[in-house]
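Colleague: Here you go, sequence then predicted model.
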Amino acid sequence: MPLNLNGSTHFLLPYDNTASYATTMAITNTNLSLQAHVNVTVRDASGNFLNSISLQPIPPGGQVAFALTQQFPSTAGIMGVLEVTSDQPMSNVAFRFNNATGAFTSFRIMSLN
C-alpha cells in the first residue's frame, strides 16, 4: 500500500470516481505543535481546472478522512488529479473502492517536494 510518510507539504493524487468507483483519502498533520492549513486544486483527466478548496484546519497531530465526492463534488463521475498543498508536513493515503464488487486498491501519491 503506497503510504506517504515523508512529511510532504505538496503532492499530487490521481482519482477515479467513474462508474462504480469511489476514491477516498486521509491526511494527517505530522506537526505536533501547529495546525495545518491545506489547500486543494481539483483538475479533470485533461488537466482542466475545476475548482480550488481550502479544507478546515487540521489540528496538531490530527487527521481528516473523506470520500472525494463528499469534499469535492466536482470529482463525481470523472477521473483526474488533486494538487494538495499545506503549510505543515502531511502523511497521506488514498484508496479507490469498487462499490460493485467491494474490492479496493491504493493510489500512489506523488510528492512534489
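Modeller: Arrived safely, thanks for sending. All values derive from a computational prediction rather than experimental measurement. Numbering: from 1, shown residues only.
Colleague: Name the strands paired with whichever strand or helix holds S52 and say parallel or antiparallel.
Modeller: Assigned by DSSP states H and E, S52 belongs to strand 49-54. If you go by DSSP bridges, strand 49-54 pairs up with strand 38-44 (antiparallel).
Colleague: residues touching N31, list them.
Modeller: 60-61, 88-89 (CB atoms under 8 Å, 6 or more residues apart in numbering). (Glycine included, C-beta is placed from N, CA and C.)
Colleague: go with 7 Å
Modeller: 60, 88-89 (CB atoms under 7 Å, 6 or more residues apart in numbering).
Colleague: Can you show me the helices along the protein?
Modeller: 68-71 (DSSP state H).
Colleague: how about low-confidence regions in it?
Modeller: The model of the chain has pLDDT under 70 over residues 1-6.
Colleague: Okay, strands next: where are they in it?
Modeller: 4-16, 21-29, 38-44, 49-54, 63-67, 79-98, 104-106, 110-111 (DSSP state E).
Colleague: deepest of those strands, which one?
Modeller: For the strands of the chain, the largest average neighbour count (mean count of other CB atoms under 10 Å) is found in strand 21-29, namely a mean of 21.
Colleague: Tell me the strands beside it, with direction?
Modeller: By DSSP bridges, strand 21-29 pairs with strand 63-67 (antiparallel), strand 79-98 (antiparallel).
Colleague: of those strands, which approaches N17 most closely?
Modeller: N17 sits nearest to strand 79-98 of all these, at 7.2 Å, using CB to CB.
Colleague: how about the closest one as PDB, C-alpha atoms only?
Modeller: Only the C-alpha atoms of strand 79-98 are listed here, as PDB (Å, rounded to 0.1, in the frame of the first residue of the first chain):
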ATOM      1  CA  MET A  79     -11.100  10.900 -13.300                       C
ATOM      2  CA  GLY A  80      -8.500  13.500 -12.600                       C
ATOM      3  CA  VAL A  81      -5.900  14.700 -10.200                       C
ATOM      4  CA  LEU A  82      -5.800  16.700  -7.000                       C
ATOM      5  CA  GLU A  83      -2.900  19.000  -6.200                       C
ATOM      6  CA  VAL A  84      -2.600  19.400  -2.400                       C
ATOM      7  CA  THR A  85      -0.500  21.900  -0.500                       C
ATOM      8  CA  SER A  86      -0.100  22.500   3.200                       C
ATOM      9  CA  ASP A  87       1.900  24.900   5.400                       C
ATOM     10  CA  GLN A  88       2.800  21.800   7.600                       C
ATOM     11  CA  PRO A  89       4.100  18.400   6.700                       C
ATOM     12  CA  MET A  90       1.500  15.800   5.900                       C
ATOM     13  CA  SER A  91       1.200  12.000   5.800                       C
ATOM     14  CA  ASN A  92      -1.300  10.700   3.300                       C
ATOM     15  CA  VAL A  93      -3.000   7.600   2.000                       C
ATOM     16  CA  ALA A  94      -5.700   7.200  -0.700                       C
ATOM     17  CA  PHE A  95      -7.900   4.300  -1.900                       C
ATOM     18  CA  ARG A  96     -10.100   3.500  -4.900                       C
ATOM     19  CA  PHE A  97     -13.100   1.400  -4.000                       C
ATOM     20  CA  ASN A  98     -15.200  -0.600  -6.500                       C
END
